[in-house]
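Trainee: sequence unknown, structure follows:
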């Protein structure tokens, strides 16, 4: 974690209002760039004055949110959290008190002072829990729903206390005694929080598994004279060029190069591909991979947050701070929710007392029911729970969604634009040297090609470099790359061109690539690429959803047309330079939402220009801002899975929000008219949250079947 950036584990947050209170406290104490994730129980923020940290922790704890530094947490620690302990404490008192409704009136439990004695511990617990939270929320400028519970339970308690003092021992007393209402409201709300907390944890299970895949320890080899000592060090302390040892069963703690022995690696956490990969000396290995067989040493190239698994975890965490537009609307409504409910509860009392002649007792109970039944939590949970499931499943498949709002954007796309080479095709090119012209040797031809292509980032350059491995480069000068066309340079005063026939001013039929020296053709090459095995399936799926497909390729017309025909794509453009692709995407955006699928190397401008850029098969794109989603594996099927996940996440969010709003629209009038008593209202409030969370958990089951 960078200097000044802190992470706290915060217990007791149950909804977006809790997160707002925590965020407000941190901000008031000097925190900046604050992100509070109540589902994961984390608060991340910048703090320049470290002395303020103790004040932040103290204020959070006084508000009912026990807090510890994330770095000091014992991940193996188990036990009940604060809310669970408080629920367990209040439950026996509430059960005994509630039982008075089922026994004769002359039993001891119907004595007003006995009921007061049973209610006091529960009421004190409620005031401690909801009162502190309410006070800090108001102090931080964010009124949370605990105010509603506090007002409801306190009203019932003091009304009952008045009845006990004024009418204790008289037949009229039972009309004023609602100690069991106070007790049951507090206990049921705490029960709701317990159920909600445990259910929410299930929506984040996959994300937590991902976060745990970053190893905490590493076995580092340290030179000690002529010997090497083995030290177990925190993986966060590793640096480039460190040498580490890995054994069977270990999770690789940093990106690096294998310098000794062969390893069989399980990279499924990174790519979603279950096949075991064999890596040999000189091969790159990625952090987060599991050594399924073998022992070896690795020279570190990237460690900590810069490693592949570090970047993935940081990106997934960052994506959770983003909100789809539908949730932003819900948040705005939710911010006014608590004051509105207090006003409605007051109106319900006045309406029942003055207009419906319900009497003071019944009017108060109906007002309390309105306070207790209202549930802004469900609105706050609607999006984060569904997004957590979507992000977790996507990451498990090797799909990194860099912004939570990308789900909504992907689901709304009208047109999908594909790059060809390395995206729809394998990029494993079969390159054949057709002919070397008289006056040039084979060594000169390959030497010029290698000298040029070693300075190119085009996908075909990698294939050419593999083909020319071991060949000596010719000493070329003034080497330049013309994007999408070819390379140029100088050799012994002669101009060297290597690229498309148009770029080298040769006839189109000469070859796919031409090497020209001072205007004279030196050699020509033919290039054959192959479709990815699942490209047809994915394009068929996208067409079936009503999306328009297009190919934008820098390749020749014949090859682009052939690929389009094989995939059933009617619209394609060839010989497209980066600026041409940008122009086409701009034109398409005037007609609807456009997604760009590319390999993330030479497609960065197009990925950034599109409404949604999706990079496939290139881990380097993790750090690039151009793509909103990155598919780490080479399989096209993960693109289909990403669209399925996005559609289901968005539909689940809409279902959750519909339930949250519909519940309140129906439940509040029923409570105001006396059809729901306060105890049933408290149970109903907890139930509404569980419905939303349960719907999000159902998403995990549905998507799990669709993505296998």
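Mentor: Nice, thanks for sending it over. Just so it is clear, the structure is predicted and the values come from calculations on it, not from any experiment.

Trainee: got any ranges where the stretch 551-700 of the chain has weak pLDDT?
Mentor: Regions of the stretch 551-700 of the chain meeting the criterion pLDDT under 70 cover residues 600-602, 618-625.

Trainee: all helices of it, in order?
Mentor: Counting by DSSP state H, counting those that start in this stretch, one finds helices in the stretch 551-700 of the chain at the ranges 557-567, 578-589, 604-609, 637-672, 678-706.

Trainee: Out of the ones you listed, which is closest to residue 407?
Mentor: With C-beta to C-beta as the criterion, residue 407 lies closest to helix 637-672 of the helices of the stretch 551-700 of the chain, at 4.5 Å. C-beta coordinates here come from the backbone N, C-alpha and C atoms, glycine included.

Trainee: mind checking how far that closest one is from the chain centre?
Mentor: Its chain's C-alpha centre lies 18 Å from the corresponding centre of helix 637-672 when counted by C-alpha atoms, centre = their mean, to the nearest Å.

Trainee: Pipe the helices of the stretch 551-700 of the chain into JSON lines and attach distance to residue 598 and mean neighbour count per row.
Mentor: Compiled in JSON lines, the helices of the stretch 551-700 of the chain are given as follows (distance: least, C-beta to C-beta, whole Å; neighbours: other C-beta atoms under 10 Å):
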{"stretch": "helix 557-567", "distance to residue 598": "15", "mean neighbour count": "17"}
{"stretch": "helix 578-589", "distance to residue 598": "9", "mean neighbour count": "17"}
{"stretch": "helix 604-609", "distance to residue 598": "6", "mean neighbour count": "21"}
{"stretch": "helix 637-672", "distance to residue 598": "12", "mean neighbour count": "20"}
{"stretch": "helix 678-706", "distance to residue 598": "25", "mean neighbour count": "20"}
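
Trainee: Please identify which of those helices is closest to residue 14.
Mentor: That would be, of the helices of the stretch 551-700 of the chain and by C-beta to C-beta, helix 678-706, which comes in at 8.2 Å.

Trainee: Can you get me a residue count around residue 205?
Mentor: 14 (other C-beta atoms under 10 Å).

Trainee: Can you name the residues that contact it?
Mentor: Listed by C-beta atoms under 8 Å, 6 or more residues apart in numbering, the contact set of residue 205 reads residue 392.

Trainee: Use 664 as the first number from now on
Mentor: Understood, numbering begins at 664; the last thing we discussed is residue 868.

Trainee: Need the pLDDT of it.
Mentor: Note on residue 868: pLDDT of 75.

Trainee: Just checking, which helix or strand of this protein averages the lowest pLDDT?
Mentor: Within the chain, confidence by mean pLDDT, DSSP states H and E is lowest for helix 988-998 among all helices and strands, at a mean of 66.

Trainee: Centre of the chain to the following helix or strand past that one, how far?
Mentor: Next along the chain after helix 988-998, taking DSSP states H and E as the criterion, comes helix 1000-1013. Here the centre of helix 1000-1013 is set off from its chain's centre by 37 Å, with C-alpha atoms, centre = their mean.

Trainee: Need the residues that contact helix 1000-1013.
Mentor: With C-beta under 8 Å, 6+ apart, helix 1000-1013 has contacts from 680, 806-808, 810-811, 814, 1026-1027, 1029-1031, 1033-1034, 1037, 1039, 1042, 1331, 1334-1335.

Trainee: Selecting buried members of those in PyMOL, what would you type?
Mentor: A single PyMOL command selects the buried members of the contacts of helix 1000-1013 (16 or more other C-beta atoms under 10 Å):
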select buried, resi 680+806+807+808+810+811+814+1026+1027+1029+1030+1031+1033+1034+1037+1039+1042+1331+1334+1335
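
Trainee: Please tell me I have it right and residue 1029 contacts residue 1332.
Mentor: No: using C-beta atoms under 8 Å as the test, residue 1029 is too far from residue 1332 to be in contact (10.8 Å).

Trainee: Report how many residues lie close to residue 724.
Mentor: Using other C-beta under 10 Å: residue 724 sits among 17 other residues.

Trainee: Go ahead and confirm residue 896 touches residue 883.
Mentor: Yes: between residue 896 and residue 883 a contact is recorded at 5.0 Å, counting by C-beta under 8 Å.

Trainee: where along the stretch 1064-1213 of the chain do the helices fall?
Mentor: According to DSSP H, counting those that start in this stretch, the helices that the stretch 1064-1213 of the chain contains are 1069-1074, 1105-1116, 1122-1130, 1198-1207.

Trainee: what angle sits between the last one and helix 1300-1335?
Mentor: So the one you mean is helix 1198-1207. Helix 1198-1207 runs at 30 degrees relative to helix 1300-1335, counting by axes from the mean of the first three to the mean of the last three C-alpha atoms, to 10 degrees.

Trainee: how about helix 1198-1207: buried residues?
Mentor: Quick answer for helix 1198-1207 (16+ other C-beta under 10 Å): 1198, 1201-1202, 1204-1205.

Trainee: what's that helix in contact with?
Mentor: Against helix 1198-1207 from outside (C-beta under 8 Å, 6+ apart): 1079, 1087-1088, 1212, 1229-1232, 1299-1300, 1302-1303, 1306.

Trainee: Okay, domains of the chain per the record?
Mentor: 668-737, 745-868+982-1047+1313-1369, 879-912+917-965, 1057-1088+1195-1308, 1093-1191 (automatic domain parsing).

Trainee: Make CSV out of the ones you listed and add distance to residue 975.
Mentor: Output for the domains of the chain, formatted as CSV (distance: least, C-beta to C-beta, whole Å):
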stretch, distance to residue 975
domain 668-737, 16
domain 745-868+982-1047+1313-1369, 11
domain 879-912+917-965, 7
domain 1057-1088+1195-1308, 6
domain 1093-1191, 23
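
Trainee: for those domains, which one sits closest to residue 974?
Mentor: Closest to residue 974 of the domains of the chain is domain 1057-1088+1195-1308 (C-beta to C-beta; 4.5 Å).

Trainee: So the nearest residue to residue 1334 once chain neighbours are set aside versus residue 1338, what's the distance?
Mentor: Distances taken as C-beta to C-beta, 6 or more residues apart in numbering put residue 1032 closest to residue 1334, at 3.8 Å, once the chain neighbours are dropped. As for residue 1032, its distance to residue 1338 is 9 Å (criterion: C-beta to C-beta, to the nearest Å).

Trainee: Then residue 757?
Mentor: 23 Å.

Trainee: Looking at these two, which one has more neighbours?
Mentor: With neighbours defined as other C-beta under 10 Å, residue 757 and residue 1338 compare such that residue 757 has more, 26 against 12.

Trainee: Spit out the contact partners of the more buried one.
Mentor: 785, 843, 846-847, 849-850 are the contacts of residue 757 under C-beta under 8 Å, 6+ apart.

Trainee: any idea how far the helix or strand encompassing it is from the chain center?
Mentor: Assigned by DSSP H and E, residue 757 belongs to helix 745-761. Its chain's C-alpha centre and that of helix 745-761 lie 36 Å apart, by C-alpha atoms, centre = their mean.

Trainee: Over to stretch 1093-1101?
Mentor: With C-alpha atoms, centre = their mean as the basis, stretch 1093-1101 stands 49 Å off its chain's centre.

Trainee: Stretch 1233-1252 too?
Mentor: The answer for stretch 1233-1252 is 31 Å, by C-alpha atoms, centre = their mean.

Trainee: next one: stretch 1035-1042
Mentor: 25 Å.

Trainee: Give me the distance between the two termini of that stretch.
Mentor: Using C-alpha to C-alpha, to the nearest Å, one end of stretch 1035-1042 lies 16 Å from the other.
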